[in-house]
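Chemist: Below: sequence and its predicted model.
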Amino acid sequence: MDFSEYGLTLFKQAQLYVPENLGRQDLLVAGGKIVAIAPHIEATVIPGCEVIDLNGAILCPGFIDQHVHLIGGGGEAGPHTRTPEVRLSRLVEAGVTSVVGLLGTDGITRHPESLLAKTRALEAEGISAWMLTGAYSLPSPTITGSVDRDVALIDKVIGVKCAISDHRSSAPAIEQLAQMAAQARVGGLLGAKAGISVFHMGNSPRELEPLREILRHADVPIGKLLPTHVNRAEPLFIAALQFARDGGFIDITSSIEAPIDPATAIMRALQADVPLAQITLSSDGNGSQPKFDDRGNLTGIGVAGFESLLETLRKLVVQHKLPLEQALSPLTRNVATFLDLPQKGRLAPGGDADLLMLDDQMRLRAVWAKGKQMVRDGKACVRGTFE
């Protein structure tokens, strides 16, 4: 019997990181899933199976980027500064095989409905995609009329986002923030999802105090609240370290280079006794990168890319000498744990076959998403519908 219709691929002699280092292993994929990992799997007994000899190259889980402006962001300097939609090729060429989309400052000309459509489009084009409802302001813009209904009833919606401690936020009252987080939590319970609340952090002196107030005024578990961009200001970062030591997750942004670059932020967190499992890394990709003066006036604007994810991994391993299995965790397993995606972030039988092939300098050579090759020789071999 020819099994080629099941999409069988056998990866031979990979230096396998799951993300733990398992040494030289063979890995068998069928129907987009990992079905076996062993020191030796015989290909001749599987007719129609494609065999890829990695000859000791690194094979590891695909990245999960949980903070991407899929339909664009920006707009802080007028309509012409709205960033464009993301292209599939840009994601996969950065090693991203799973993505979570969200809205930013502009919750007026951008809509959760459009974000949902883009999320479904990327799924159809070959990667895994989810989204957060809401935007910077409260009350949250939603699809069904409430945060809990969005999370409970719409398959792709796994949580909510808003902005705090930022001059672009809507200055929400603690009661509003607590209600939003509680609704996301209940929606997650009803929909069997993570039910998370993600907080864009500005560099206001209030820092993480709004999150502390939520914990004081509501019964939402600390593990469901995620402050992001925590490396954008030194006082905010110090507060985030304590938040993580108290049991929360913190999200470091790979596209923020100052005042604390992402690799240094991860190393500092580890040195400050923050458990590695509480640290995640995301790109803020396709979002605008506005610069403001002390009076809040816009002085410049750019667009965040995705290359910073791999660059951070490279710096952690090559420059900071962090073992690869630890450097991979904030991009893979830790994110999957926070997002409650057990089929992602790890390489194990039954999990999705989201795979990256890296060389010993952490350069990306190939990508497979759900068993389908998306990148070959560092370049996308599958592109979006209109690319």
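Modeler: Nice, I can see it. No experiment lies behind these values; they were computed from the predicted model shown. Numbers count the residues shown, from 1 in each chain.

Chemist: where exactly do the strands run in the stretch 201-350 of the chain?
Modeler: Applying DSSP state E, counting those that start in this stretch to the stretch 201-350 of the chain gives strands spanning 225-228, 250-253, 279-282, 291-292, 298-300.

Chemist: Could you provide these in CSV, with additional columns for mean neighbour count?
Modeler: Every residue, glycine included, has its C-beta placed from N, CA and C. Output for those, formatted as CSV (neighbours: other CB atoms under 10 Å):
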stretch, mean neighbour count
strand 225-228, 25
strand 250-253, 26
strand 279-282, 27
strand 291-292, 14
strand 298-300, 11
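
Chemist: what residues does the lengthiest helix in the chain touch?
Modeler: Taking residue count as the measure and DSSP state H as the definition, the longest helix of the chain comes out as helix 174-191. Contacting residues not belonging to helix 174-191 are listed as 134, 138-140, 146-153, 158-160, 162, 164, 172, 193-197, 210, 213-214, 217-221, 224-225, 340 [CB atoms under 8 Å, 6 or more residues apart in numbering].

Chemist: for stretch 101-113, same thing?
Modeler: The contact list for stretch 101-113, computed with CB under 8 Å, 6+ apart, reads 67-76, 79, 82, 115, 118-119, 129-137, 141-143, 150, 161, 163, 168, 198, 200, 287-288.

Chemist: returning to what we had before: just the contacts of helix 174-191: which are in helices?
Modeler: For those, the ones inside helices are 147-153, 210, 213-214, 217, with DSSP H as the criterion.

Chemist: Buried subset of these, written for PyMOL?
Modeler: With 16 or more other CB atoms under 10 Å as the burial test, the buried ones among those are selected in PyMOL as follows:
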select buried, resi 147+148+149+150+151+152+210+213+214
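
Chemist: which pair in the ones in helices among the contacts of helix 174-191 spans the largest distance?
Modeler: Greatest spatial distance in the ones in helices among the contacts of helix 174-191: 153 and 213, 29.0 Å, computed using CB to CB.

Chemist: show me where pLDDT drops low in the stretch 1-150 of the chain?
Modeler: Counting by pLDDT under 70, the low-confidence segments of the stretch 1-150 of the chain come to 1-6, 44-45.

Chemist: all strands for it, in order.
Modeler: Chain-ordered strands for the stretch 1-150 of the chain, with DSSP E, counting those that start in this stretch as the definition, fall at 9-17, 21-30, 33-38, 50-53, 58-61, 63-68, 96-101, 128-134.

Chemist: can you list contacts of stretch 229-246?
Modeler: With CB under 8 Å, 6+ apart as the criterion, stretch 229-246 contacts 165, 200-203, 205, 207-208, 211, 222, 227, 250-253, 256, 259-262, 265, 268-269, 272-275, 278-279, 284.

Chemist: before we move on, what about stretch 380-387?
Modeler: Residues from elsewhere that reach stretch 380-387, judged by CB under 8 Å, 6+ apart: 87-89, 92-93, 121-122, 125-126, 372-375.

Chemist: try stretch 299-315
Modeler: Counting contacts by CB under 8 Å, 6+ apart, the residues touching stretch 299-315 from outside are 63, 65, 68, 74, 76-77, 81, 83, 90-91, 93-96, 254-255, 261-263, 266, 281, 283-293, 327-328, 331, 361-364.

Chemist: among these, which are in helices?
Modeler: Among the contacts of stretch 299-315, the subset assigned to helices under DSSP H consists of 90-91, 262-263, 266, 327-328.

Chemist: of those residues, closest to residue 348?
Modeler: Of all the ones in helices among the contacts of stretch 299-315, residue 328 has the smallest distance to residue 348: 14.3 Å, by CB to CB.

Chemist: for the closest one, what are its contacts?
Modeler: 17, 19, 60-61, 313.

Chemist: mind redoing it with 6 Å?
Modeler: If you count contacts by CB atoms under 6 Å, 6 or more residues apart in numbering, residue 328 has them with 19, 60.

Chemist: can you check residue 263 too?
Modeler: When contacts are counted by CB under 6 Å, 6+ apart, residue 263 touches 312, 315-316.
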